[in-house]
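> Sequence first, predicted coordinates after that:
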Amino acid sequence: MSAPTIDAPHSAALDAAESGGVQLITFTLRIRRFNPEEHPEPVWVDYQLTMDPKERVLDALNKVKWEQDGTLTYRRSCAHGICGSDAMRINGRNRLACKTLLKDVNPEKPITIEAIKGLAVLKDLVVDMDPFFQAYKDVMPFLVTKGNEPTRERLQSAEDRERFDDTTKCILCAACTSSCPVFWNDGQYFGPAAIVNAHRFIFDSRDEGAEQRLEILNDREGVWRCRTTFNCSEACPRGIEVTKAIQEVKRALVTRRF
Amino acid sequence: MSTDTSDIELVSSSQAHTGKGLGTGNPADEFVIQPPRTRSTKTPRRTRTNFEMLAWLFMRLSGVVLVVLILGHLLIMLVLDGGVSKIGFAFVAGRWASPFWQGWDLLMLWLAMLHGSNGMRTVINDYAEKDSTRLWLKTLMGAATVFTVLLGTLVIFTFDPNI
């Protein structure tokens, strides 16, 4: 087996073409920094960077941390929009830093980066996610069944799977919940992410715990606190129609109770 | 930055959240600003009633009826037959002589007051941070609503055009 070799002149031409195509730009990253051990109030800090505008905001944060200020603190794991670690407020909107290109957030003006709202900021862009995951746990995000376990898979038709397909995409990044004005004012509200994950099981034909979950969401802090402001649908980096899912839970509650 | 971590106790992810932030005894904890009414394992308490659903449904249904009632009311009062200049004691007395307009105004009064106060209730629920503040604001609003509704009902039923 011999791998095809690339001619040296061709490679050089490719390199030249690539470097010629990259237009580096200089821009400002304005990060809301918070370190309670040094200063009790958050402060905005500007960082000057020169980068390719087709790179992501996460790359810019990495550049700051690795080359300018190692104390900058943020969460990131997979860096490819799946783990949901790096949700943050970029130019006032909740996005994943690893899915947002610099050219899409107007690098001509300073790009502002803050921690997501409604959860306690621990340091810089890191928030306490425990209340968020508590709400998630409270809707029982697992399969609930009665009777004996089948000896083989629990089969489901393609149509039944399609019913809740949208809400299976959630990565629990908290972009929706921390964009919800009801959640900002009252952390007792379940928040869109918990309701989306309840929806995922309520409308699953294999699951038998729908009634319990609906009862949980029928309460004071459940779906009825939703004001359909659509902030969550707009914030979701996975494109889940969050508000629609919440409305479907409301409709299921109304039709089951009457 | 202190390197001594012996007095810093981190909470593991499996441990129940107490709503007091991460770590007990971390000197930085007092500066971390907690958002209002953070959720914990102890909250919220379950009530197991359909009240919130019925309130939500009432808002939708009364809203639809109120659109007709209020637009009709405004049309009669402000546009038709000379507009606002015609309104006087005699005009009101004439209208309330008919049970239809009595019913119209009564329904409008009740629906508008309940619709409005239920809306205010949700606003108080959203913005009041302390349970005691909530209770007081809701009590005040409830009292004002009951007073207005009862007074209005009394006037509609006991109105005497020969006063």
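Yep, it's here.
> show me what contacts residue A:175?
A:87, A:94, A:95, A:96, A:116, A:235, A:236, A:237 (Cβ atoms under 8 Å, 6 or more residues apart in numbering or on different chains). (C-beta placed from N, C-alpha, C; glycine too.)
> Let me know the closest of those residues to chain B.
residue A:116 (10.9 Å; Cβ to the nearest Cβ).
> Just to check, that closest one is in contact with residue A:128?
No. Judged on Cβ atoms under 8 Å, residue A:116 makes no contact with residue A:128 at a distance of 10.9 Å.
> Can you give me the domain boundaries for chain A?
A:22-127, A:130-145+A:161-257 (automatic domain parsing).
> Mean neighbour count, these: which tops it?
Burial of the domains of chain A is given as mean neighbour count (mean count of other Cβ atoms under 10 Å in any protein chain shown); domain A:130-145+A:161-257 ranks first at a mean of 21.
> what is the rounded mean pLDDT of it?
Throughout domain A:130-145+A:161-257, pLDDT has a mean value of 95.
> which stretches of the stretch 101-250 of chain A form helices?
Counting by DSSP state H, counting those that start in this stretch, one finds helices in the stretch 101-250 of chain A at the ranges A:130-138, A:158-163, A:181-185, A:192-202, A:210-217, A:231-235, A:242-257.
> Could you export those helices as a markdown table, including distance to chain B?
Converted to a markdown table, the helices of the stretch 101-250 of chain A look like this (distance: least, Cβ to the nearest Cβ, whole Å):
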| stretch | distance to chain B |
| --- | --- |
| helix A:130-138 | 4 |
| helix A:158-163 | 22 |
| helix A:181-185 | 5 |
| helix A:192-202 | 10 |
| helix A:210-217 | 7 |
| helix A:231-235 | 14 |
| helix A:242-257 | 6 |
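> how about those in TSV, adding distance to residue A:145?
Listed next are the helices of the stretch 101-250 of chain A as TSV, based on distance: least, Cβ to Cβ, whole Å:
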stretch	distance to residue A:145
helix A:130-138	19
helix A:158-163	15
helix A:181-185	31
helix A:192-202	11
helix A:210-217	11
helix A:231-235	30
helix A:242-257	19
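> Quick one: closest of those to residue B:144.
Between residue B:144 and the helices of the stretch 101-250 of chain A, the shortest gap by Cβ to Cβ is with helix A:181-185, which sits at 23.0 Å.
> Show me what the closest one is packed against.
helix B:99-127 (3 or more Cβ pairs under 8 Å, 6 or more residues apart in numbering or on different chains; DSSP states H and E).
> Tell me which helix or strand comes right after the helix it packs on.
helix B:131-158 (DSSP states H and E).
> chain center to that next one: distance?
Distance, stretch centre to chain centre, for helix B:131-158: 12 Å (Cα atoms, centre = their mean, to the nearest Å).
> For that helix, the averaged confidence score.
95.
> got the buried residues for that helix?
The neighbour-count check on helix B:131-158 (16 or more other Cβ atoms under 10 Å in any protein chain shown) flags B:137, B:138, B:141, B:145, B:149, B:152 as buried.
> Same check on stretch B:73-88?
B:73, B:76.
> And the contacts of it?
Against stretch B:73-88 from outside (Cβ under 8 Å, 6+ apart): B:104, B:105, B:108.
> wait, which of those residues is closest to chain A?
Taking Cβ to the nearest Cβ as the measure, chain A lies nearest residue B:108 of the contacts of stretch B:73-88, at 25.1 Å.
> What strand or helix carries the closest residue to that closest one other than its chain neighbours?
Excluding the flanking residues, the one nearest residue B:108 by Cβ to Cβ, 6 or more residues apart in numbering or on different chains is residue B:69, at 4.5 Å. Residue B:69 is part of helix B:51-74 when elements are defined by DSSP H and E.
> now that helix: how far from the chain's centre is it?
14 Å.
> Now do the buried residues in the next helix or strand after it.
Moving toward the C-terminus from helix B:51-74, the next helix or strand (DSSP H and E) is helix B:89-96. For helix B:89-96, burial by neighbour count (16+ other Cβ under 10 Å) applies to B:95, B:96.
> Need the CA coordinates for helix B:89-96. PDB is fine.
Provided in PDB are the C-alpha atoms of helix B:89-96 (Å, rounded to 0.1, in the frame of the first residue of the first chain):
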ATOM      1  CA  PHE B  89     -77.000  60.800  34.300                       C
ATOM      2  CA  ALA B  90     -80.000  60.400  32.000                       C
ATOM      3  CA  PHE B  91     -78.000  58.400  29.400                       C
ATOM      4  CA  VAL B  92     -76.700  56.000  32.100                       C
ATOM      5  CA  ALA B  93     -80.200  55.700  33.600                       C
ATOM      6  CA  GLY B  94     -81.700  55.000  30.300                       C
ATOM      7  CA  ARG B  95     -79.200  52.200  29.500                       C
ATOM      8  CA  TRP B  96     -79.500  50.500  32.900                       C
END
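> With that, I have no additional questions.
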